[in-house]
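Peer 1: Below is the sequence, then the predicted model.
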Amino acid sequence: MVNAIDIAVTKVERSKLNDLNLENLPFGRYFTDHMLEADYENGEWKNVEIKPYQPLVIEPSMAALHYGQAIFEGVKAYKDADGNAFIFRPFDNFLRFNISAERMNMPTVPEGIFMDGLKQLIALDKQWIPAKADHSLYIRPFMFSTDNVLGVQTSATYKFMIVLSPTGPYYATPMRIYVEEKYTRAAPGGVGYAKAAGNYGASMLATAEAKKKGYDQVLWTDASEHKYLEEIGTMNVFFALTNKRVVTPALDGCILDGVTRKSVIALLKADGYDVQERKISVDELVAYYNNNELVEVFGAGTAATISLIKELRYKEAVMQFDVSTWQVAPAVKQQLNAIRYNQVPDNHGWMVSVD
């Protein structure tokens, strides 16, 4: 870890928390009292400060609005029964953030600004972490270009920020997923592995069309053949088969290297599962289902955590599951929660204390 940096802090006079009811929290609707902000100018980061959450003043010509140089991350903090706060695997998100930055030709953010800023901001707004099961403080670091000029070129100035949002479950009930074969999320050589804002903007139409058909999200397929499965719009996907086998699509440059994905793989392997990271076609999956070998389908992501999938549709093939009989996904979720809420020893070194 690098040496801690000095961050200017301006506190609110009165917390918004006094006026809010945090029961039945929707995802990403409420924000804490403070935010972190830093500017990149003349080849260096400066003006690093924590201040009251507030609107930004921008010009209409700001480059990010026109050319999409914008990236973000998703991290979560949890509170244990004694009120201690912990962040789940933030260093992994820091590394991935800078991988995204490099792919988008943006400056990397120093570890001190990202990690120390994260910890100081959460420590300041620690009271916003919900002390309830399946609840957490969602952490959104993001960066965008700020040049005020029109022209397709790399920006010379950027703003890095972190905002915090108390949240409940992203998906409260088991999901219905539609296998997408018309639209494409990512292609080889593209930015699929980066958490670029445009990846999510491009997914909106396909998701909206799936919702009109009664589905919650889409499961993307490859760009060239629409034959191989990739990831769900908000999370990576896992397929549990008979005989303790679990398959998840391999990272190929088109799929996000999910932090929760890595955690699930580690826990499954420790429990004796044969975890296969490889290409898997839709036809292969349907064959597994028809042969009674496909027993569970679930998603894994920072926002979504572990999300059960009760139905998967591909063309006219509808694969349905009785999630009440499942064992794999619920066990993984229980193990992750026990670590996150400090109920068992963290033998993986995943949790970073805020205190």
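Peer 2: Nice, thanks for sending it over. Bear in mind that the values here come from a model prediction, so they are computed numbers and not experimental data. Residues are numbered from 1 along each chain as shown.
Peer 1: in a strand, that's where Arg313 is, yeah?
Peer 2: Yes: counting by DSSP: H, G, I helix; E, B strand; the rest coil, Arg313 is part of a strand.
Peer 1: Okay, now the unreliable bits of the protein?
Peer 2: Scanning the chain with the threshold set as pLDDT under 70 gives 1-4.
Peer 1: Domain-wise, how is it divided?
Peer 2: 8-168, 175-340 (automatic domain parsing).
Peer 1: Including distance to Val352 and mean neighbour count, could these go into TSV?
Peer 2: (Each C-beta comes from the backbone N, C-alpha and C, glycine too.) Compiled in TSV, these are given as follows (distance: least, C-beta to C-beta, whole Å; neighbours: other C-beta atoms under 10 Å):
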stretch	distance to Val352	mean neighbour count
domain 8-168	5	17
domain 175-340	12	18
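Peer 1: Please identify which of these is closest to His348.
Peer 2: domain 175-340 (6.7 Å; C-beta to C-beta).
Peer 1: how far is that closest one from where the chain is centred?
Peer 2: 14 Å (C-alpha atoms, centre = their mean, to the nearest Å).
Peer 1: From start to finish, how long is that domain in a straight line?
Peer 2: 24 Å (C-alpha to C-alpha, to the nearest Å).
Peer 1: now swap in stretch 43-60 and tell me
Peer 2: End-to-end span of stretch 43-60 (C-alpha to C-alpha): 24 Å.
Peer 1: Do you have the helices of the stretch 1-150 of the chain handy? List them.
Peer 2: Along the stretch 1-150 of the chain, the segments classed as helices by DSSP state H, counting those that start in this stretch run 63-67, 90-103, 111, 117-124.
Peer 1: Tell me which of those sits nearest to Gly74.
Peer 2: helix 90-103 (7.4 Å).
Peer 1: Next secondary structure element downstream of the closest one?
Peer 2: Under the assignment DSSP states H and E, the closest C-terminal helix or strand after helix 90-103 is helix 111.
Peer 1: tell me what that next one is packed against?
Peer 2: Applying 3 or more C-beta pairs under 8 Å, 6 or more residues apart in numbering; DSSP states H and E, one finds that helix 111 contacts no other helix or strand.
Peer 1: how far does that helix sit from the chain's center?
Peer 2: With C-alpha atoms, centre = their mean, you get 19 Å for helix 111.
Peer 1: repeat for stretch 69-81
Peer 2: The answer for stretch 69-81 is 8 Å, by C-alpha atoms, centre = their mean.
Peer 1: gap between the two ends of it?
Peer 2: 41 Å.
Peer 1: got the CA coordinates for stretch 275-290 in PDB?
Peer 2: The C-alpha trace of stretch 275-290 is given here as PDB (Å, rounded to 0.1, in the frame of the first residue of the first chain):
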ATOM      1  CA  VAL A 275     -15.300 -25.000 -12.100                       C
ATOM      2  CA  GLN A 276     -14.800 -24.700 -15.900                       C
ATOM      3  CA  GLU A 277     -14.100 -21.300 -17.400                       C
ATOM      4  CA  ARG A 278     -14.700 -22.000 -21.100                       C
ATOM      5  CA  LYS A 279     -16.800 -21.300 -24.100                       C
ATOM      6  CA  ILE A 280     -20.300 -22.600 -23.800                       C
ATOM      7  CA  SER A 281     -22.900 -22.400 -26.600                       C
ATOM      8  CA  VAL A 282     -26.600 -21.900 -26.300                       C
ATOM      9  CA  ASP A 283     -27.200 -25.300 -28.000                       C
ATOM     10  CA  GLU A 284     -24.900 -27.000 -25.400                       C
ATOM     11  CA  LEU A 285     -26.800 -25.400 -22.600                       C
ATOM     12  CA  VAL A 286     -30.200 -26.500 -24.000                       C
ATOM     13  CA  ALA A 287     -28.900 -30.000 -24.400                       C
ATOM     14  CA  TYR A 288     -27.800 -30.000 -20.700                       C
ATOM     15  CA  TYR A 289     -31.300 -28.900 -19.700                       C
ATOM     16  CA  ASN A 290     -33.000 -31.500 -21.900                       C
END
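Peer 1: any idea how far Leu256 is from the residue nearest to Ser15 when sequence neighbours are not counted?
Peer 2: Nearest residue to Ser15 in three dimensions, chain neighbours excluded: Asp33, at 5.3 Å (C-beta to C-beta, 6 or more residues apart in numbering). Separation of Asp33 from Leu256 (C-beta to C-beta, to the nearest Å): 30 Å.
Peer 1: Next up, the contacts around the residue nearest to Ser15.
Peer 2: Lys11, Val12, Ser15, Lys16, Leu17, Pro52, Tyr53, Leu124, Asp125, Trp128 (C-beta atoms under 8 Å, 6 or more residues apart in numbering).
Peer 1: Restricted to strands, list the residues you listed.
Peer 2: Pro52 (DSSP state E).
Peer 1: Return the closest of the contacts of Asp33 with respect to Phe72.
Peer 2: For the contacts of Asp33, the nearest to Phe72 is Tyr53 (16.6 Å; C-beta to C-beta).
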